[in-house]
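> fold the following for me, if possible:
(2 chains)
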Amino acid sequence: MLSYALQLALRGFRRNTVLTALMVLAVALGIGVAMSMFTVLHNLAGNPLPQRSGVLFHPQIDPRPRDLPGVRTAPPDNLTYIDALNLYHLDQVSRRALMSANWLPLRSTVAGSPLRMETTRATTRGFFPMFDVPFQYGAPWSEQDDTRRAQVVVISQKLNDTLFGGADSVGRELIIATRLFRIVGVIKPWNPQPHFWDLDDGAYGPAAQIYLPFFTWLHLPADFGWGPMDCWGDNPGAGTHNPKAAQCTWAQYWVQLDTPAQMRAYRDLLLRYSQQQHALGRFQRAPNVRLDDVMQWLNYKHVVPVIVRMQTWIAFGVFVICLLNAVGLLLAKFLRRGGEIGVRRALGARKRDVFAQCVIESALIGLLGGVVGLPLVWLGLWLIRQQPVSYAATVQISPLLLLYALLLAAVATLLAGIWPAWRAARIAPALVVKSL
Amino acid sequence: MSPFASLRPIFSALRRHKAAVTLLVLEIALTMAVLGNLLFIVHGSAVLQRESTGVPANDVAVIQSMVIGDAKHANTVKNNLAVLRTVPGVLASSFGATPMLGASWNPIYSNASRTRMVAHAFVFSGAQDYSQTLSVHLLAGHLPVAGEIPDVTTATPNTLVPALITQQLAHRLFPDRNALGSVLYDGNHSMRIVGIVGTLRGAITGRSSDNDSILIEQRYDVIEGGLYLIRSRSGQMAHVLPLAMKAMQKANPGNVVGQTSSLQAFITHAFAGSRAINRILMAITAILLIVTALGVSGLASFWVQQRTRQIGTRRALGATRGAILRHFQAENLIIVSMGVALGAALTIGLNVLLMQHFAQPRLPLQYVEFGALAMWALGQLAVLGPALRAARVPPTMAMRAA
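Below you'll find the predicted structure:
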C-alpha cells in the first residue's frame, strides 16, 4: 500500500514538475533560514562546559551603601579587592579561582625583539582544573606560586606557535610588563563559549593569550588597568588607578562545590561573612548573596543577545509563511488532479486511501525540501561565520541538529498537507466523473 | 462596459476558490508584516551608524599609548603633545577622551557638597588644546583658554575647571537662565561652564542621553598612558597618522602603541557587527519575498490551467488578449489588496509584540505604506508570467475537451 502511494506520489511529481519544484524550493528556503538562525541561538544559549557546569559556582555579596539611588537590588557581579581577598582566604578547602583581565606588553628575551600587547587573564591555580583547561606542555603553576607571587606564566598554543614555533617552551622566559616570567605551561586551543567566568566585556570572543598568577599580576610595577571597574558613589573613576578602592568591584570569583551539602555550606558562609562585615560596619545592607551555577548564572545575565533571539523568532515566522505557501500549492496540486482522484474513488478507493495518498505526497515534498535545505543551512552558517560579530566565528552545527532540520521539514510539510488532503478526499466521484 | 462590470467575473471566480484565496491573503498579510518590521529594524540600525558624534570623525585620530615603567625618557603628556604638533599636517593635538572612547558616565551635582544630583552626563576630560582638537561646534561663550585651565596634578575636586556643555544638557539643567558661568560638580571636578556646544555624543546608542555631555580641560605635564588625539587638515588623516605615530615612537622608544586609527575608522569598526546583522536580516527579507512570489505565481498558474477552457470561451466570444491579461492582473490586485488590509493590522501587531519582548521602538506608519506598495508590486510581478500564458490561450480551446 505504502509503496503504491509512493509510486503515485512520484508520478504526481513528474506530472507537475514546476509546481513540485516550487514547493520543494519554498520548504528548503524556509528550513534554511529557520535552522541557520536556530543553530546560532542554540550555540549561544548552549552549555559552555557541560561536564563541569553543575559544580562551578559564582558567589556574589553586596558591599554597597544603603542609600544608593537608582541601582538594582541584586548584588554586584564582581567583588571588591578586599572581599575578593577575604573570600579567597576564608575557605581554603574548595577549589577556587580569583581572576580579572587586561592587556599586557610582552616581548621575548632576545635583545631588540618587538613589544606586543597580549590579552591576559590573571587568576589563581584553581582556574585550570576547575575549567578543564587542557595542557599541551607543562602544567599549571602551584598554590605556592600564587602565595609567593612567583613570576610564572601559562601561554596559549597560538602564542607559543608565534614565539617558539610550536616547540615545548616550558622553562623558557618572557618579559612581561618589564619583568622576567618563566613559562610553566602551554595550553591547547581552549575557548568555551559563552566565556561565563567573566562577562564584563561581552560573553563571546577570543580566549586570553597569557595566564598569570593573580597576586603577581596585581603587584606589577606599572598601571595597565585591572579590568572593567564598577564603582558606586560620585566618582565612577575611583578605581582607574587603584584596584584597592573600597567602592569598586572588578574581581571575578568562582568556587567548585561538588555536593549540594557543600553548596549549602558555602551559601551559609557567604551569609555569615556578610553578617560579620555588617557588624564591623563595612556592609550597610542586610546580607544579600547569590550563588549560581554556570547555567543559572548565564540565564541571570541574559547572555544571548536580544537581536539573536529576535532573529530566530522572525526566521521561524518566515518558515511558517513558507508552510502556508506549501498549503496553498498542495491544495492546487491535489485539486488539479480532481479527475484522477474521482476515477480512483469510482473504482473503489476509499476516502482514507485518497487522504493517505495526499499526506504521503506532502511528507515526501517536505523531506525533499529538507534534503535541499540542508546545504542551505550549511551555506547560511558559513555566511554567518564570515561576519564580524563576536559570537559568529564559533557557530557550528551538530549532526543532531541536521537530523532535526530534516524531521522538521518532513513533519511540518506533512501537517501542512493534512487540510489539502482532506479537501481532496472529499471530492465527490460522481460529479467529477460526469464532467470528464 | 463599466469597469465594475468587468470585475464581476473576477469576484465570482474568487468565490469558487475561497480556500486558496484565503491562504494567499494570509500569506501576503504575514509577509507584509514581517517585511515592514524587518525593514524598520534594519533602517533604524543604519541610521544609528550614520549619527554624528559632534566631532569631525574623519579628521580626528587617536593614538592609544601605554606607558611602560621607564623614567629614562621624557614621556610626559606635555612633551608628547609638543612632538605631535611638529608633525606636518597636524593642526592640533591633545590628550583625552573621544566620542565612544573613554568619556565617563558620571553623576552630576548642583552643589559643592555633592548631595543634590541633577543628572548623569558623559564627562569628556582632556588636556590643553582639547576642545580645539576635537573641533567641537561652539554656540555661545568661549573655548577654555590657557590662563584658566588648572594643572591636573595640583587640582582638587574643588578647583574650578573650565567646561563646555552640550546645548541639550544646558537646556535641561538651566531651563530658564543662561548656563554660562554656572558651576556643576562630579566626583572629581568643579566644572565652571564657559561655553555651550552643539552636539557631543559620548556613546551612540540611539538614546537622547548620548548627547548629555560636559567637556573639561586641564593641563597635563605628567607621565600618563591614554589616548593622544590629533586633528589633521580635512581629508589628510590617512597620511598624517602614520607620520604622527612614527614621531611618537621616535621620541619615546619605551612607548607601546595600542589602538591607532581615525575616529571614523574606529566607529566603522564598532558598528561592523550591526552591519553584519543587517546583512543577515536583509537576506532573510529577500528569501521571504522570493518564497511569497513563488506562492502567488504557483497558485496563479494553477488557476490559469484550470480555467483554460473558460478562457478559450471568453476569447471565442470576442474578449481580447489584453482583456484576459487584465482579468488575471485585476484578480491578483484584489487578492493582494485584501492581504494588504489584513497585513497593515498584522504589521502593527507584530511591532507591538517586538516592542514588548525585544524593546523595539514604535513603528512609523510609512513602513505600513511601503509594505503595501511592495506587496502590490510583488503580486503584479508574480502574476505576470501566468497571466501572459493565459492571454496566449487560443479561442479554439473552447471547443476542446478538458
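> the stretch 101-250 of chain A against chain B: which residues are in contact?
Within the stretch 101-250 of chain A, the positions near chain B by CB under 8 Å from any CB of the partner chain are A:103, A:105, A:115, A:117, A:177-178, A:221-224, A:233-238. C-beta: built from backbone N, CA, C; applies to glycine.
> separate out the buried members of the residues you listed.
Using 16 or more other CB atoms under 10 Å in any protein chain shown as the burial test, these include A:Trp103, A:Pro105, A:Met117, A:Ala177, A:Asp223, A:Phe224, A:Gly233, A:Asp234, A:Asn235, A:Pro236, A:Gly237, A:Ala238 as buried.
> the fifth one touches B:Gly225, doesn't it?
The one in question is A:Asp223. Yes - A:Asp223 is within contact range of B:Gly225, at 7.4 Å (criterion: CB atoms under 8 Å).
> longest helix in the chain, by number of residues?
Assuming you mean chain A. Using DSSP state H to define each element, chain A has its longest helix at helix A:351-385.
> actually, chain B is the one I wanted.
Longest helix in chain B, counting residues (DSSP H): helix B:321-358.
> now that helix, how far from the centre of its chain.
Relative to the chain's own centre, helix B:321-358 is displaced by 28 Å; criterion: CA atoms, centre = their mean, to the nearest Å.
> mind listing what A:Gly202 touches?
A:Gly202 sits next to A:Ser390 when contact means CB atoms under 8 Å, 6 or more residues apart in numbering or on different chains.
> show me what counts as buried in the strand or helix carrying B:Leu184.
If you go by DSSP states H and E, B:Leu184 is part of strand B:183-185. By neighbour count on 16+ other CB under 10 Å, the buried set for strand B:183-185 is B:Leu184, B:Tyr185.
> what separates B:Gly54 from chain A, distance-wise?
22 Å (CB to the nearest CB, to the nearest Å).
> number of residues surrounding that residue?
B:Gly54 has 22 neighbours, counted by other CB atoms under 10 Å in any protein chain shown.
> go on, A:Arg96?
A:Arg96: 23 neighbours (other CB under 10 Å).
> check whether it really touches A:Gly126, as I assumed.
Yes - contact status for A:Arg96 versus A:Gly126: in contact at 4.9 Å, counting by CB under 8 Å.
> joint contacts of those two?
Residues within reach of A:Arg96 and of A:Gly126 at once, by CB under 8 Å, 6+ apart, are A:Trp254, A:Gln256.
> for the residue of the stretch 101-250 of chain B found nearest chain A, what are its contacts?
Among the residues of the stretch 101-250 of chain B, B:Gly187 lies nearest to chain A; the distance is 2.9 Å by CB to the nearest CB. B:Gly187 makes contact with A:Gly233, A:Asp234, A:Asn235, A:Pro236, A:Gly237, A:Ala238, B:Asn106, B:Pro107, B:Arg114, B:Pro157 under the criterion CB under 8 Å, 6+ apart.
> try it again at 7 Å.
Contact partners of B:Gly187, counting by CB atoms under 7 Å, 6 or more residues apart in numbering or on different chains, are A:Gly233, A:Asp234, A:Asn235, B:Asn106, B:Pro157.
> now it: phi and psi?
The phi and psi values for B:Gly187, taken as degrees, to the nearest 10, are phi -60, psi -30.
> same check, this time on B:Val194
Phi and psi for B:Val194, reported as degrees, to the nearest 10, are phi -110, psi -10.
> what about it, neighbour count?
As a burial measure, B:Val194 scores 23 neighbours (other CB under 10 Å).
> once you drop chain neighbours, what's closest to it?
B:Pro162 (4.6 Å; CB to CB, 6 or more residues apart in numbering or on different chains).
> for A:Leu212, list each beta-bridge partner.
A:Ala122 (DSSP bridges).
> who touches it in this structure?
A:Thr120, A:Ala122, A:Val153 are the contacts of A:Leu212 under CB under 7 Å, 6+ apart.
> in a helix, the last one, correct?
No - using DSSP: H, G, I helix; E, B strand; the rest coil, the assignment for A:Val153 is strand, not a helix.
> in the helix or strand hosting B:Val368, what's buried?
In this assignment (DSSP H and E), B:Val368 forms part of helix B:366-391. Within helix B:366-391, the residues that qualify as buried by neighbour count (16+ other CB under 10 Å) are B:367-368, B:370-372, B:374-376, B:378-379, B:382-384, B:386-387, B:389-391.
> and chain A, is that helix touching that?
No - if you take CB under 7 Å from any CB of the partner chain as the test, helix B:366-391 misses chain A, and the best it gets is 10.8 Å.
> and the contacts of the longest strand anywhere in chain B?
Counting by DSSP state E, the longest strand found in chain B is strand B:117-126. Strand B:117-126 has contacts (CB under 7 Å, 6+ apart) with B:94-97, B:103-110, B:169, B:172-173, B:186, B:200, B:202, B:212-217.
> many thanks, have a good one.
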